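Chemist: fold the following for me, if possible:
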Amino acid sequence: MHAGMRTVDLLEEALQSARALGFRIREDWLGDAGGGACVLKGQKWLMLDPALDVAERLALVVEAVANDPAAAQLKVSGPLRGLLGVRKSA
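Modeler: Now for the predicted structure:
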């Protein structure tokens with residue numbers, strides 16, 4: 001269970017990071033699409049399907065955050081930084 005709780009915590013931190021980067025988060029039933037990041041009318045959106053498990057949602061959020069140029073400026077935990085592959089700025 002501990003690993004699952006950790007994944008939930010990482011997902012919450014990743015969602016907070018995405019919001020800090022200006023993403024609006026929308027959870028909607030997307031069928032086979034699963035979700036991901038997009039820009040609509042100049043607004044960054046992160047679409048997540050609640051049918052996905054926590055690890056799958058975390059992967060989508062991490063991908064969106066990691067692909068944002070401002071991600072390197074975020075203050076995040078070591079585990080999330082490892083997932084993001086972002087180098088800590090000096």
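Chemist: just list what the longest helix anywhere in the chain packs against, helices and strands only.
Modeler: In the chain, taking DSSP state H as the definition, the longest helix is helix 2-20. Here helix 2-20 touches strand 24-27, helix 54-66, helix 78-84, going by 3 or more Cβ pairs under 8 Å, 6 or more residues apart in numbering; DSSP states H and E. Quick note: C-beta positions are derived from backbone N, CA and C, even for glycine.
Chemist: what about 6 Å?
Modeler: Contacts defined by 3 or more Cβ pairs under 6 Å, 6 or more residues apart in numbering; DSSP states H and E place helix 2-20 against helix 54-66.
Chemist: that older thread, who touches the longest helix of the chain?
Modeler: 46, 54-55, 57-58, 61-62, 64-65, 74, 76, 80 (Cβ atoms under 6 Å, 6 or more residues apart in numbering).
Chemist: the helix or strand of the chain with the lowest mean pLDDT vs helix 54-66, what angle?
Modeler: In the chain, the helix or strand scored least confidently by mean pLDDT, DSSP states H and E is helix 2-20, which has a mean of 86. Calculated by axes from the mean of the first three to the mean of the last three Cα atoms, to 10 degrees, helix 2-20 forms an angle of 30 degrees with helix 54-66.
Chemist: buried stuff in helix 2-20?
Modeler: 7, 10-11, 13-18, 20 (16 or more other Cβ atoms under 10 Å).
Chemist: what's the first-to-last distance across stretch 31-41?
Modeler: Its first and final residues considered, stretch 31-41 spans 24 Å by Cα to Cα, to the nearest Å.
Chemist: ah, wrong one, I meant stretch 65-74
Modeler: Using Cα to Cα, first and last residues of stretch 65-74 are 10 Å apart.
Chemist: starting at the chain centroid, how far to it?
Modeler: 11 Å (Cα atoms, centre = their mean, to the nearest Å).
Chemist: contacts for that stretch, please.
Modeler: So stretch 65-74 is contacted by 17-18, 21, 84, 86 (Cβ under 6 Å, 6+ apart).
Chemist: in it, what counts as buried?
Modeler: 65, 68, 71, 74.
Chemist: farthest pair within those?
Modeler: The most widely separated members of the buried residues of stretch 65-74 are Asp68 and Leu74, with 8.9 Å between them, by Cβ to Cβ.
Chemist: cheers, nothing more for now.
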